[in-house]
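J.: compute the structure for the input listed below.
(one chain, ligands or ions: 1)
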Amino acid sequence: MVLVLKRQIAVGDIHGCFDLLTVLIEKIIGFSPHEDMLIFMGDYIDRGMKVKEVVRYVSELKEKSPDAVILLKGNHEDMAYNALTSGDVEEEMLYWLLNKGDKTITSFGGREQTKEHLIPFIESLQLYYETDTHIFVHAGIPYGKDLGTATSEELLWDRTLSYAGEKTLVVGHTPKSKVSYFNNGKIICIDTGAYMTGNLSAYDVIHKKVYSTGAAT
Ligand SMILES: [Mn+2]
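T.: Coordinates of the predicted model:
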């Protein structure tokens, strides 16, 4: 029997906001691994307090339903990986700490515990996910480039929102006040700055429907 995918839902940048994450996935979306697919857009870590819980939660979702859960990499995971694996290069660590990596280290209980849990997690993440109609990537693809020619740096850090390819591009990374469309709807940005706003958003590309926790009061 071929299962028909009912919803294909991209989930925005979480940044340690574990409570928003569970409300969004369990109460607002009501994720069903037999019918739905979740594509996490990356930036699980830094800024918020409950990074360890977020990493554990998404890892367990992926473990339980590997075909229904896609975990993309964000630029914050890139910074963390460089910092944690750079050995004596303190510039990499300082750069990460300036980008709120301290919250991640505190959440895991120290640098060694962070390395132990986070390095394998980051190594398991993928840079993009592509379907017949959509490309999902953390930050973007610059104008004139595609998945074959964009660098991983661009896929993780781009802020131009300028992609003009055949498929619809779904990105996080650049916070907007609500889920927003660019290039006549060919780019959808779903990062609503959950850490700052209390609003964590998701977007079902099949029904073009937004799910969000709503702004914190
Ligand atoms: Mn980002």
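
J.: what parts of the chain come near the ion?
T.: Selection of the chain residues close to the ion by Cβ under 5 Å from the ion yields 43, 74-75, 173. For the C-beta atoms, the positions are set from N, CA and C on the backbone; glycine is no exception.

J.: could you rerun that using 8 Å?
T.: 13, 42-43, 74-76, 138-139, 156-157, 172-174, 191 (Cβ under 8 Å from the ion).

J.: okay, and which of those residues map to helices?
T.: 75-76, 156-157 (DSSP state H).

J.: and those residues, which is closest to the ion?
T.: Distance ranking of those against the ion, using Cβ to the ion, places N75 first at 4.4 Å.

J.: right, and the closest one touches L155 too?
T.: No. The pair N75 / L155 is not scored as a contact, 9.3 Å apart, by Cβ atoms under 8 Å.

J.: and for these two, which residues touch both?
T.: Taking Cβ atoms under 8 Å, 6 or more residues apart in numbering as the criterion, N75 and L155 both touch 138-139.

J.: quick check: S152 touching Q126?
T.: No. Contact criterion Cβ under 8 Å: S152 and Q126 do not qualify, at 11.0 Å.

J.: in space, what's closest to the residue of the chain found nearest the ion - neighbours in sequence excluded?
T.: Ranking the residues of the chain by distance to the ion (Cβ to the ion) places H173 first, at 3.8 Å. Closest residue to H173 apart from its sequence neighbours, by Cβ to Cβ, 6 or more residues apart in numbering: A139 at 4.1 Å.

J.: please save the CA atoms from the helix-or-strand element of the chain with minimal mean pLDDT in CSV.
T.: Lowest by mean pLDDT, DSSP states H and E among the helices and strands of the chain is helix 90-96, with a mean of 92. Below are the C-alpha coordinates for helix 90-96, written out as CSV (Å, rounded to 0.1, in the frame of the first residue of the first chain):
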residue,chain,number,x,y,z
GLU,A,90,39.9,30.2,19.8
GLU,A,91,38.6,32.6,17.2
GLU,A,92,36.0,30.0,16.1
MET,A,93,34.9,29.6,19.7
LEU,A,94,34.8,33.3,20.3
TYR,A,95,32.7,33.8,17.2
TRP,A,96,30.2,31.2,18.2
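
J.: that helix - contacts with which helices or strands?
T.: For helix 90-96, the elements it packs on are helix 75-85, judged by 3 or more Cβ pairs under 8 Å, 6 or more residues apart in numbering; DSSP states H and E.

J.: buried ones in the helix it packs on?
T.: 75-84 (16 or more other Cβ atoms under 10 Å).

J.: just the CA atoms of it, as PDB, please.
T.: Output of helix 75-85 as PDB, limited to C-alpha atoms (Å, rounded to 0.1, in the frame of the first residue of the first chain):
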ATOM      1  CA  ASN A  75      24.300  28.400  10.200                       C
ATOM      2  CA  HIS A  76      24.300  28.200  14.000                       C
ATOM      3  CA  GLU A  77      25.000  24.500  13.800                       C
ATOM      4  CA  ASP A  78      27.800  25.300  11.400                       C
ATOM      5  CA  MET A  79      29.300  27.800  13.800                       C
ATOM      6  CA  ALA A  80      29.000  25.400  16.700                       C
ATOM      7  CA  TYR A  81      30.600  22.600  14.700                       C
ATOM      8  CA  ASN A  82      33.600  24.800  13.700                       C
ATOM      9  CA  ALA A  83      34.000  26.000  17.300                       C
ATOM     10  CA  LEU A  84      33.800  22.500  18.800                       C
ATOM     11  CA  THR A  85      36.100  20.800  16.300                       C
END
